[in-house]
Each structure stands twice: as C-alpha cells, then as structure tokens.
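> Sequence first, then the predicted structure, then my questions.
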Amino acid sequence: MLGCLAATAVGLWAWRRYHHRSFWLLIGFPLAAITIRATWRKVALGCGLTKKRQRWWFTLVPGAVASTGLVKVKRRFQRVAVDTKPFMWLPRPTRYGWRVTLWLLEGQIPADYTDAAERLAHSWGVHAVRVSSAKPGRVTLAATIRDPLARVDHLPPSSELLKVTVGRLETGGPWVIDLKTVPHHLNAGATQSGKSNLANALIVGLAPQPVALVGFDLKGGVEFTPYERRLSALATTRAECVTLLEDLITLMIDRMDLCRSAGARNIWQLPAALRPVPIVVLVDELAELYLMADKSEKDEIAKTATALLRVAQLGRAFGIYLFCSGQRIGSDLGPGVTALRAQCSGRICHRVNDPETATMTLGDLDPAALVSARAIPAEAPGVAIVASQDGQWYRARSFYVSEQTAEQAANDHAHLTPDWAELIADARTGERAPL
C-alpha cells in the first residue's frame, strides 16, 4: 500500500515536472477552480470587495393562547445587513494560470480590484493577479501560478519590416517592438538592468532587414562601435550629433517634398519604386545630449534638443524612428526631455536607480505600472515594464543577446547597410534611393 502511494506521488511529481502543461490542465486547474469558487466569499470579504446590503426578513412571533388550544402567531419583519459578494463566472485555464470574470457591485470600479490584487494573489497562493476591464460593470482577474519570466526562451523572429521580437510578456505571448505601429520608444534602465541587452536584441532583429541604422553614442562610441559595419552613420560627440541631426532633418524635408508631390500622407502610401529606405535612430545615454558643463554649451544643447524633437514630431510619417535609451531620464534635464517624452508612445522601464526616471518613463501612463517598475529586483536583469500598443502595460523580459551575437549579426548583414553620404547627397540634389 505504501509502495503504491509512493509510486503515485513520484509519478505525479514527474508528470508536473516534465509536462507541466498537461498536468495543469487535467489536475491542477480543476482543483484550483474548485478552490476559487469555494473560497470566493471568504476571500472577497477579507479583501474588502463585498458590500453590506439591507434585506427584510420576517419571523413568526407567538401570540395569546386561545381556548381552543391553537396558538395565534403574527409576522414581525426585521431589517438585517448581509454581505454580498460579486458574482463570479466559471474560471478558465490559461497557459500560466487562469482567468475569471466578475460582475461589479454597485459603486465598485476596476481600481478597487487593482488595489486588492496583491491580497488576492496571497489569498489564492498564486504568483500574481492582474486586473483588466473589457466592458463596463465587468472585471477580469488573470492569475499566474508561477512567474512566466523566470526563464525566457527565444521565439521565432518576425519576418515583417520594422517588427522585432525581443522577448516575452508575462502573459506568455511574444514581446514585439513594432516601429511602424509605435514609432518612438523610451528605454530607461540602470547599469546591468538589461537596457543595453534590449538594444542588442533590436539590432539583431533589424540587421537583416532593409533599413538604415543610425547610432548616437555619447559614451565615446564604446556601445555602438562594434556594430559600426551595419550602421549607416555613428555620432560619438555632441558636435557629431548636431551634424547628424541636421542630416536627418534634411532627409525628412526631402521626404516631405516627395510625399507632397505624390499626393501621399506618408512614405508607406508611396509606390514601392519611390519609397525611401526607413531609418531607425538608436540613441544611447540620452541624458548626455542635454547635460551642460558650462554656459558655452547652452546653444549647442538647445540646437540638439530642438532638432531631436523635430525628428520625433515629424519623423514617423517619413520613415524615421527613434529608440532612445538612458540610465537617467528626468525633468531636471530641461524641457526638451519632457517634450521628447510626449512624442514617445513606446515606454520601457527596467530597474532604475532613482524614482524620477521611473516617473518620467511611466508616471503619465498608469500609477500601478510605476509601482511595478520600482519593485523590479536587481536579480532579474532584462525584466521591464512595457507600455504595449494595446493600451495596457505588462511585465516583460528580453532575450539574452550577447555583444558577440549582436556584433556577428551586424557583420553578417553589413552588405545591407545603406551609404549615408549617398542618402544625404540624393536628398540635397532631389534624387532618391528606393527601398
């Protein structure tokens, strides 16, 4: 008997260990669903998600005893308060946990459940609970029983232009950076947080595509120089940055004229034979473009900030996309940074050293995202809070991409690098190099 029990226990352990998905669907989820439904009233009460309602009850009160021996009774109504829990639909399994939809009680809003999400996770013994609302009066709780970002495997690369799969979301789906949909991104993160690794993943994904890559590296070129063969242009000093930004504005104005003469609103409405090559601008250490050592640099910084803001405001329609990274992104760097942030709808926040950078990156999107960003541990490099194109925010983790891998990709596809001097010369003479 004991031997059979031991063998069963070992078999269940091996099943869960080596084929977790089938174990979860056949054993784990049914038990979890029963537990969720059985404990919902108690959990809702403990998390403050119930409401007191007044209901009428009546009792039979004995009256006087008549001579016939019958007892006369009368009804006495009483008003009592009872706890009402939100109505819960049946839970549904997901790859990493389960989802369940609830009906809100009168006066409740989704934020009430967001505030109680951590308490719900502890009550049910799951890794995390996320709250969303697809329609008024309903909320959906998505629970993950284990952290899906503990190990991130590489996914097949995207074959679409300007779309790169760089990691995985906490939902289990791919983390995709789609520059045609979300053209400009802010990527904040401290040293060893995964910020540079994400840039490497982006370079590996864009290297085989017919695009021009442009680098701004004010660390003296130590970040992007290994990839120089795949870069059409690289600026490593502020003076070079000013010149390169002037070139980008020249290209942008030329593409404006091209679209206007063709009756197109953007380069993607142009015929393929006339469409110019897309340009992805990679900026490392964004703060260095705005830091001022003395007043002699004031005019140069103002010129740089204005040019970069013009590219951000107008570049999307004309095939110029920004991916700006930095350890420090704060309002104290000047109004130029705040204005640039407003143009960057893509927000990525890794672990940061100061709350101001997290606030600058995510604070205008969702306070809950800001709290999650500040909770990223140092032991989880690559984990970030991502503002997705669906309007939601997610925890995500990028694939590990070594510098050697990124350098190899840059060298392997160096033949696809458009010549920057030719692009600028064509823009100034009115000739265009098609895609």
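Sure thing, it's come through. As the structure is a computational prediction, the values presented were derived from the model and not from experiment. Residues are numbered from 1 along each chain as shown.
> Could you use CA atoms for every contact and neighbour count after this?
Fine.
> was I right about residue 130 contacting residue 121?
No. Assessed by C-alpha atoms under 8 Å, residue 130 is found out of contact with residue 121, at 9.1 Å.
> OK, contacts around residue 300?
239, 242 (C-alpha atoms under 8 Å, 6 or more residues apart in numbering).
> moving C-terminal of the helix or strand encompassing it, what's the next helix or strand?
In the assignment (DSSP states H and E), residue 300 maps to helix 298-314. Using DSSP H and E, the helix or strand that directly follows helix 298-314 along the chain is strand 320-326.
> Name the strands paired with that following strand and say parallel or antiparallel.
strand 184-188 (parallel), strand 279-284 (parallel) (DSSP bridges).
> how about the strands in the stretch 301-435 of the chain?
With strands called from DSSP state E, counting those that start in this stretch, the stretch 301-435 of the chain shows them at 320-326, 346-349, 383-387, 393-398.
> Quickly list what's touching both of residue 130 and residue 121.
residue 143.
> related to what we said a few turns ago, just the CA coordinates of the helix holding residue 300, formatted as CSV?
Taking Å, rounded to 0.1, in the frame of the first residue of the first chain, the C-alpha atoms of helix 298-314 are listed here in CSV:
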residue,chain,number,x,y,z
LYS,A,298,24.0,76.1,-23.9
ASP,A,299,23.4,77.0,-27.6
GLU,A,300,24.7,73.6,-28.8
ILE,A,301,22.4,71.7,-26.4
ALA,A,302,19.4,73.9,-27.4
LYS,A,303,20.1,73.1,-31.1
THR,A,304,20.4,69.4,-30.3
ALA,A,305,17.2,69.3,-28.3
THR,A,306,15.3,71.2,-30.9
ALA,A,307,16.5,69.0,-33.8
LEU,A,308,15.8,65.8,-31.9
LEU,A,309,12.3,67.0,-31.0
ARG,A,310,11.6,67.9,-34.7
VAL,A,311,12.6,64.4,-35.7
ALA,A,312,10.3,62.9,-33.1
GLN,A,313,7.4,65.1,-34.0
LEU,A,314,7.6,64.6,-37.8
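> wait, is residue 140 part of a strand?
Yes. Under DSSP: H, G, I helix; E, B strand; the rest coil, residue 140 sits within a strand.
> element containing the residue lying closest to it once chain neighbours are set aside, please.
Using C-alpha to C-alpha, 6 or more residues apart in numbering and skipping residues adjacent in sequence, the residue nearest residue 140 is residue 101, 4.3 Å away. Using DSSP H and E, residue 101 sits in strand 97-103.
> packing partners for the next helix or strand after that strand?
Next along the chain after strand 97-103, taking DSSP H and E as the criterion, comes helix 110-115. The contact analysis (3 or more C-alpha pairs under 8 Å, 6 or more residues apart in numbering; DSSP states H and E) places helix 110-115 against strand 128-132.
> quick one, what contacts residue 165?
Residue 165 touches 155-158, 174-177, 205, counting by C-alpha under 8 Å, 6+ apart.
> Out of the residues you listed, which sit inside strands?
Among those, the members falling in strands (DSSP state E) are 174-177.
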